[in-house]
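**Q** Build me a model:
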Amino acid sequence: MLARPLISSTFRRNGARPAASIFASKFAPPRFSAIPRRYLSTETRQAIEKAVGSAPVVLFMKGTPETPQCGFSRTSIQILGLQGVDPSKFTAFNVLEDEALRQGIKEYSEWPTIPQLYVDKEFVGGCDILMEMHRNGELAKMLEEKEVLVTAEGEASK
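**A** Predicted coordinates:
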């Protein structure tokens, strides 16, 4: 009985792994992934690439912008609205309508959650990333640089 607390306290103090296994783990692939790996079919990949390129600002979400079906999707839409994204340069895809899209977009981006935002075909992130970028001003700067905001005169930027 005395050996167990002594051994466990030694591991806590010195770390649970020997140095060799820590070194090896840096170069080994992860044992588990949040996203089950399967290979996207060519059809699904092409459909997602077409969707991502369909507008300068693309949001894959649960529900529609008018009727979001989850709080994270609602928050993402609200952030884009607060930022002043031009509706003519924005499109959204409801992943609840297509299971292949719902799973495929997670594999395509290697991001396990929905919603997912793409700007100029580049993955930006999910709701948590959008919130942080909104708070620190990075989202406003990026959207302005990409010229996807409504101008002060009410016309879309060039």
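
**Q** What's the end-to-end length of stretch 108-127?
**A** 17 Å (C-alpha to C-alpha, to the nearest Å).

**Q** go on, stretch 58-74?
**A** With C-alpha to C-alpha, one end of stretch 58-74 sits 15 Å from the other.

**Q** try stretch 113-120
**A** Note: stretch 113-120 ends 20 Å apart using C-alpha to C-alpha.

**Q** cool, stretch 126-144 as well?
**A** With C-alpha to C-alpha, one end of stretch 126-144 sits 19 Å from the other.

**Q** Over to stretch 42-60?
**A** 19 Å.

**Q** and stretch 48-65, how far from the chain's centre?
**A** 12 Å (C-alpha atoms, centre = their mean, to the nearest Å).

**Q** where does Glu49 fall, helix, sheet strand or coil?
**A** helix (DSSP: H, G, I helix; E, B strand; the rest coil).

**Q** ok, now how distant is it from Lys121?
**A** 8 Å (C-beta to C-beta, to the nearest Å). Where C-beta positions appear, they are placed from N, C-alpha and C, glycine not excepted.

**Q** Tell me how far Leu101 lies from Gln46.
**A** The separation that Leu101 has from Gln46, given C-beta to C-beta, amounts to 12 Å.

**Q** Pick out whichever of those two has more residues nearby.
**A** Leu101 (20 against 11; other C-beta atoms under 10 Å).

**Q** The nearest residue to that one once chain neighbours are set aside: how many residues sit nearby?
**A** Spatial nearest neighbour of Leu101, chain neighbours left out: Val95 (5.3 Å); criterion: C-beta to C-beta, 6 or more residues apart in numbering. Using other C-beta under 10 Å, the number of residues around Val95 comes to 23.

**Q** Now Val95. Its backbone dihedrals?
**A** Main-chain torsions, Val95, degrees, to the nearest 10: phi -70, psi -10.
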